[in-house]
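A.B. asks: Predicted coordinates and the sequence they were generated for:
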Amino acid sequence: MKKISALFLALAMCVGLMAGCSSTGDTTPSGQPSTSPSASTEVSAQPSAEPSENTELSGVVNLNGSTSVEKPILAMAEAFMEMYPDVTVNYDPTGSSTGINAALEGSCDVGLASRDLKDEETSQGLTATVFALDGIAIIVNSENPVADLSLEQIAGLANGTITNWSEVGGSDAPVVLIGREAGSGTRDGFESITGTEDTCVYTQELTSTGAVIQAVAGNPNAFGYASLSAVEGNDGVKAVSVENVAPSEETVLDGTYKVQRNFNFVFNSSSELSDAAQAFVDFALSADAADLITGAGAVPLA
């Protein structure tokens, strides 16, 4: 079975060939894929055709961006390369902002962002297609007795208004916030939803989802945020419910869990995708990928 190339040494993935690319898209970052692409774009928010095995398709697909999308992207890339043995899919987990810039500069085929595009990004010709939804889990150390928080309490814990866990029903212990670096899609989602942009008091700012989880697991007074798909199976942390709603596929899809965001493909609308890249996008947006996305802990659109 072919292995996915990624820059995670911890995953023992092979480093893939870095290739320049051209890319395109057909949606605006409105949170829902467009169903009526403009004439100048190539990538549709729904697959142009059901993917089928085609041993003649070949090439390299370079994906660059969000670390939060790791599990669904790797699952889909593995399945896609089984269908198309002569295609290699490379995934470079650099963070959402870096992936967006890579799509803009043409150094990848498809950018990966766990946030929606900003006006200044769309004004430069970038477009986004939502391929899955994700809950941002509010995580605490597994020893922390706190099990539920309101959005107001989460904001207070993050911006320093609340400095002791006893103020929200926990132990008499100082609050330690561990989060992502500036430019992270997860950080952008957390801060925008909780209304804490530029006010969070971080003890640590880390460059990957896994690092945040590990740091919270190692400190009984810590809390942070991470993609729900990355939290499952980590015994050192637990996801608290938010306003009595636990994060899950069902509560993310029906909108009752309030801390959630989109997983996006990002395209440069001035360029055209290669056949291999277009086929991967079509596959990822098809019904055939839904079970892979679910199995990876994210939420398919349908």
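C.D. replies: Everything's here; your move.
A.B. asks: Residue 189 and residue 57, how far apart?
C.D. replies: In this structure, residue 189 lies at 34 Å from residue 57, with C-beta to C-beta, to the nearest Å as the measure. From N, CA and C alone the C-beta is placed, and that goes for glycine too.
A.B. asks: nope, residue 203 is what I meant
C.D. replies: From residue 203 across to residue 57, the span is 48 Å (C-beta to C-beta).
A.B. asks: More neighbours: which of those two?
C.D. replies: A side-by-side neighbour count of residue 203 and residue 57, using other C-beta atoms under 10 Å, places residue 57 first with 19 against 15.
A.B. asks: Strands of the stretch 1-150 of the chain, start to end?
C.D. replies: 5-6, 58-65, 86-93, 110-113, 126-141, 148-149 (DSSP state E, counting those that start in this stretch).
A.B. asks: Which neighbouring elements make contact with the fifth one?
C.D. replies: Contacts of strand 126-141 with other secondary structure elements, assessed using 3 or more C-beta pairs under 8 Å, 6 or more residues apart in numbering; DSSP states H and E, are made with helix 96-105, helix 185-194, helix 209-217, strand 222-227, helix 228-231, strand 237-239, helix 249-253, strand 260-268.
A.B. asks: Domains in the chain, by residue range?
C.D. replies: For the chain, the structural domains run 59-133+261-296, 135-260, going by the TED database.
A.B. asks: buried sites along stretch 82-97?
C.D. replies: Within stretch 82-97, the residues that count as buried by 16 or more other C-beta atoms under 10 Å are 83-84, 87-97.
A.B. asks: Likewise for stretch 71-82?
C.D. replies: Taking 16+ other C-beta under 10 Å as the criterion, stretch 71-82 shows 71, 72, 73, 74, 75, 76, 77, 79, 80, 81 as buried.
A.B. asks: can you tell me which of the residues you listed are in helices?
C.D. replies: Among the buried residues of stretch 71-82, DSSP state H puts 71, 72, 73, 74, 75, 76, 77, 79, 80, 81 in helices.
A.B. asks: What separation do you get for the last one and residue 225?
C.D. replies: When distances are taken as C-beta to C-beta, residue 81 and residue 225 turn out to be 32 Å apart.
A.B. asks: same deal with the third one?
C.D. replies: From residue 73 across to residue 225, the span is 20 Å (C-beta to C-beta).
A.B. asks: same thing with the second one?
C.D. replies: Between residue 72 and residue 225 the distance, using C-beta to C-beta, works out to 18 Å.
A.B. asks: Show the low-confidence segments of the stretch 51-200 of the chain, by residue range.
C.D. replies: 51-55 (pLDDT under 70).
A.B. asks: Now do the contacts for residue 140.
C.D. replies: 146, 216, 222, 223, 237, 238, 240 (C-beta atoms under 8 Å, 6 or more residues apart in numbering).
A.B. asks: The closest residue to it other than its chain neighbours bridge partners, please.
C.D. replies: Residue nearest to residue 140 in three dimensions, not counting chain neighbours: residue 223, with 4.6 Å by C-beta to C-beta, 6 or more residues apart in numbering. In this entry, residue 223 is beta-bridged to residue 140, residue 177, by DSSP bridges.
A.B. asks: Endpoints of stretch 85-104, how far apart?
C.D. replies: By C-alpha to C-alpha, to the nearest Å, the extent of stretch 85-104 from end to end equals 29 Å.
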